[in-house]
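Peer 1: one predicted model, sequence on top.
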Amino acid sequence: MSFSGDALLFFFVILTLLLDVRFELESLLFFFLILVILQEEKPRKKAKRFLWSLTGINFGNTNS
């Protein structure tokens, strides 16, 4: 099941306005960063690379 970025954004706006859910600024920034990545041409590959880079692991082509 996949959702578009607009649907996810709408969901968070509804949570914030109607249910008075409070989000931390860092959580919102991370959420919007993930939305931008998912809007790219090859989302799975880019999202996987981004999440691995957050952990400090680089599985890319390294010429060492």
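Peer 2: Thanks, I have it.
Peer 1: flag the shaky bits of the chain, pLDDT-wise.
Peer 2: Scanning the chain for pLDDT under 70 picks out the ranges 1-5, 16, 19-23, 37-48, 51-52, 54-64.
Peer 1: L9: how many residues sit nearby?
Peer 2: L9: 14 surrounding residues under other Cβ atoms under 10 Å. All C-beta atoms are positioned from the backbone trio N, CA, C, and that covers glycine.
Peer 1: can you mark which positions in the host helix or strand of F12 are buried?
Peer 2: Element membership for F12 (DSSP states H and E) is helix 5-18. By 16 or more other Cβ atoms under 10 Å, the buried positions in helix 5-18 come out as F12.
Peer 1: what packs against the very next helix or strand once past that helix?
Peer 2: Sequence-wise, the next helix or strand downstream of helix 5-18 (DSSP H and E) is helix 25-38. Helix 25-38 sits against helix 5-18, helix 43-55, with contacts defined as 3 or more Cβ pairs under 8 Å, 6 or more residues apart in numbering; DSSP states H and E.
Peer 1: skip the chain neighbours and tell me the closest residue to F31.
Peer 2: Excluding its sequence neighbours, the residue lying closest to F31 (Cβ to Cβ, 6 or more residues apart in numbering) is F12, at 6.8 Å.
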